[in-house]
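Undergrad: Got a predicted structure plus its sequence, pasted below:
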Amino acid sequence: MHKLLKIFFTLLFFISVDGFTQQNELQHYSISDGSSNLSIHQIVQDEIGYLWLATNQGVFQFDGIHFSKRHKEDSKTIYAKKSTLYIGHSKGLTIMKGDDNFFYENKKINKIIPIQNNIFLATIEGINIVKDDLIRPLSIHTTLDFSIIYDIIYLNKHFYIASNKGFWMVDQLINPKKVKKISELNFQQLLQNKNNIIAVNNENGLYQINKNSKIQPIYEFSDIYSIIRFNEEIWMTTNDNGIEIINSNTYRFIRKINKYNSKVSDKLTSLFVDRQNLLWIGSSNGIYKYSSNTNSKASSLKLNIEKIAVNFTTINHTKSKKLKLSSSDNNISFSFKSIDFKSPESIKYRYKLNTKFSPWSNQSKVEFANLKPGFYKFIVQSKNRSLLSEKVSYDFSIETPFYQETWFYILIFSTLCLISAYIIEVRIKRIKKNNQFKIDQLELKNHLMSLEQKALQLQMNPHFIFNVLNGIKALGNSGKSEELNTTISQFSILLRSVLNNSRLEEINLKDEIETLTNYLELEQKMSAVNFTYSIKQELNNIDTEEILIPPMLIQPFIENSIKHAFNLTTENPKIDVIFEVKHQFLHFTITDNGIGFTATKNKKNSHKSLALNVTKERIQNLTTCNKFKISEIKENNEVRGTKIYFKIPLKTDY
């Protein structure tokens, strides 16, 4: 009796020690997203080191500390290749590339199997292959092509296929020449054990298939959910009885891990061994990490640049480690990551951009804003306690903006010289015209008015030109290149049109409208008053290119409104121009919502009065039926603006 008690307490001691040891070897991580009845079907690891979990609640990413949900649908199987993730589910296949998802409808996928640089899909109706992001079925055998495929394994230069119609062997999956059915047994999972295959039958347990395709039972066990080879052992999870571990050589029982000897869930669903030789166990309430002194594996710390964003837009940085950016693409951010599941909380990073390294920190993302033009070399390094990763670098350059280039300064200087020469030339011509006017004062009145009008066209208000040039200079200094180019283009078009039109007695209405539009848009940019304008045409289907009018006929009235009709208290200042054809006459209407014509008289200078008077006389000399009229717009006895109306005979070039 005493001997039996001694044996009992000895066994109890070893059981308690074993339970204590297993408890310390297992570390639990809970997926705290509120999901209930979670079932982890498969665990894989990507190139960076993240673990990816295919579950009935979607796909989760795990870095050793945090879980993040990356896909919402129930996922049966998963496979990671470089920066691409393949997710199999009941509706087909989803391919994730960065932030982009591509869905391909297909039969339910039981397992994604990478073999010989190909990706095969075991589905409920035959085997498919993923090629160039397209899915196509493989024709192997009339029975297999319509069977449920559970698993595929490649060993000894043959493919072994587990299906609901037996166990098969083929020489190749693409255009096979030899297809053989080995057994009627239905196997749900296949595992390579050295040169043999271990096949799982959920009713009877484990079978071994040797290189001669001979099948024999090796271990009786039922309801095996997942199986894996780990450190000369074979681990098996079950739905309700924890983990069973057997020797991979003798297939003899070693130990069991369940709720009776450790704090582990009985419902364990998946197994995976990562690159650090850590065993991960999926369960209904998260995952467990199994580590011990016997399975620890020394590994270097790997660092990856995960994402690069330029002006907050992610770019593809994997094709090249050199990047050329324009001068406006001067905001860049880097996201980087090192993963070490043994002590993930101890990982720290440092980085530098051309200069000194930053202090070590937990920060895994850095942003650089408003970088100056030049060449940059970004270097980042990670460490986990005393273990250092290799330094990872990325080169990029930012181009110098065109307005800081030498050729641009030469262009601006040349342009200013040309404009100055042009202004001097215009001034000289104006003086000559005035002298000629005095000499030819006995000419006919109409000819005199024509010369006077040309003089007024050519002088185009030097104050306006001065304002535009100052505006161009301010835009260049502020770095607004697009607005600068637009302003220079508009100003050059306006000067050219004024110069061209000054030599003509008549121009078409289209050219006049374009000149007015350029003038108004420049005045909008330079004027202290923020006004709007509209130009309307009611021409009875006559093309504007066919209507001829004297040049610069209404510009003085518009300029008068801009300079004198509005003040800083004017509400929503606006100028409306209407061209209308009625009864063989071209009618002109210019309205503004300013302070009124009477009030503007006190503000006018001699130049503006002369311009208005000359333009008025030109209109009156064009026809006796001009009906030139300037009136004030009134509402409730209050002045609401000015209206200028006149008409001239309609003249066309056909």
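TA: Looks like it arrived, so ask away.

Undergrad: drop to CA atoms for contacts and neighbour counts, all remaining ones
TA: OK.

Undergrad: For the nearest residue to S248 once chain neighbours are set aside, give me the pLDDT.
TA: Spatially, and ignoring its direct neighbours in sequence, S248 is nearest to E233 (4.7 Å; C-alpha to C-alpha, 6 or more residues apart in numbering). If you check E233, the pLDDT there is 93.

Undergrad: Now do the contacts for E233.
TA: Going by C-alpha atoms under 8 Å, 6 or more residues apart in numbering, E233 touches 245-249.

Undergrad: Swap in 6 Å and give it another go.
TA: Taking C-alpha atoms under 6 Å, 6 or more residues apart in numbering, we find E233 in contact with 246-248.

Undergrad: From the residues you listed, which land in helices?
TA: Among the contacts of E233, no residue falls in helices (DSSP state H).

Undergrad: can you give me the helices for the stretch 451-600 of the chain?
TA: For the stretch 451-600 of the chain, the helices defined by DSSP state H, counting those that start in this stretch cover 462-478, 481-502, 509-526, 555-560, 597-601.

Undergrad: of all those helices, which lies closest to T615?
TA: helix 555-560 (7.5 Å; C-alpha to C-alpha).

Undergrad: So what's the gap between the closest one and the chain middle?
TA: 48 Å (C-alpha atoms, centre = their mean, to the nearest Å).

Undergrad: Which elements pack onto it?
TA: Of the remaining helices and strands, none touches helix 555-560 by 3 or more C-alpha pairs under 6 Å, 6 or more residues apart in numbering; DSSP states H and E.

Undergrad: is it fair to say N435 lies in a strand?
TA: No: looking at N435 with DSSP: H, G, I helix; E, B strand; the rest coil, it is helix, so not inside a strand.

Undergrad: before we move on, the earlier item: what's opposite the residue nearest to S248 in the beta bridge?
TA: F230, N247 (DSSP bridges).

Undergrad: And it, how close does it get to Y251?
TA: Going from E233 to Y251 by C-alpha to C-alpha, to the nearest Å gives 9 Å.

Undergrad: thinking again about what came up before, please name whichever of the helices of the stretch 451-600 of the chain is nearest to G166.
TA: helix 481-502 (70.6 Å).

Undergrad: that older thread, of the helices of the stretch 451-600 of the chain, which is nearest H41?
TA: Set against H41 and scored by C-alpha to C-alpha, the helices of the stretch 451-600 of the chain come closest in helix 481-502, at 55.1 Å.

Undergrad: For stretch 490-503, buried residues please.
TA: 490-491, 493-495, 497-499, 501-502 (16 or more other C-alpha atoms under 10 Å).

Undergrad: Tell me the one of those residues nearest T313?
TA: Q490 (33.0 Å).

Undergrad: The residue nearest to that closest one when sequence neighbours are not counted: neighbouring residues, count only.
TA: Leaving out its chain neighbours, the residue that sits closest to Q490 by C-alpha to C-alpha, 6+ apart is N518, at 5.8 Å. For N518, the count of nearby residues is 20 (other C-alpha atoms under 10 Å).

Undergrad: confidence score at N518?
TA: 89.

Undergrad: repeat for S292
TA: The model's pLDDT for S292 equals 66.

Undergrad: Kindly report the same for N118.
TA: 92.

Undergrad: And it, how far from I412?
TA: 60 Å.

Undergrad: More neighbours: those two, which one.
TA: Counted by other C-alpha under 10 Å, N118 and I412 do not tie: I412 has more neighbours, with 14 against 10.

Undergrad: Quick check: which element contains that one?
TA: I412 is located in helix 406-439, with elements delineated by DSSP states H and E.

Undergrad: Check G282 too.
TA: Assigned by DSSP H and E, G282 falls in strand 279-283.

Undergrad: Which is the succeeding secondary structure element to that strand?
TA: Heading C-terminal from strand 279-283 (DSSP H and E), you reach strand 286-290.

Undergrad: returning to what we had before: just the CA coordinates of the strand holding G282, formatted as CSV?
TA: Output in CSV follows, covering the C-alpha atoms of strand 279-283 (Å, rounded to 0.1, in the frame of the first residue of the first chain):
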residue,chain,number,x,y,z
LEU,A,279,5.0,27.4,-33.0
TRP,A,280,1.7,29.3,-33.3
ILE,A,281,-1.6,27.6,-32.3
GLY,A,282,-4.9,29.0,-33.5
SER,A,283,-7.9,28.7,-31.2
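
Undergrad: so what strands line up beside that strand?
TA: In the sheet, strand 279-283 lines up with strand 268-273 (antiparallel), strand 286-290 (antiparallel) (DSSP bridges).

Undergrad: of all those strands, which lies closest to E405?
TA: strand 268-273 (57.6 Å).

Undergrad: chain center to the closest one, what's the gap?
TA: 36 Å.

Undergrad: Next: stretch 233-250.
TA: With C-alpha atoms, centre = their mean, you get 47 Å for stretch 233-250.

Undergrad: ok so T314 is a strand residue?
TA: Yes: counting by three-state DSSP, T314 is part of a strand.

Undergrad: can you pull the contacts of it?
TA: Applying C-alpha under 6 Å, 6+ apart, the residues near T314 are I308.

Undergrad: how close does it get to T94?
TA: T314 is 21 Å from T94, by C-alpha to C-alpha.

Undergrad: and L206, what are its phi and psi?
TA: For L206, the backbone dihedrals (degrees, to the nearest 10) come out as phi -100, psi 140.

Undergrad: who's it bridged to?
TA: Here L206, judged by DSSP bridges, has bridge partners V200, Y219.

Undergrad: looking at it, K383 is touching K348, isn't it?
TA: Yes: K383 is within contact range of K348, at 5.5 Å (criterion: C-alpha atoms under 6 Å).

Undergrad: Please name the residues that touch the residue lying closest to L185 once chain neighbours are set aside.
TA: Counting by C-alpha to C-alpha, 6+ apart, the nearest residue to L185 once its immediate chain neighbours are dropped is G166, at 5.1 Å. Counting by C-alpha under 6 Å, 6+ apart, G166 touches 183-186.
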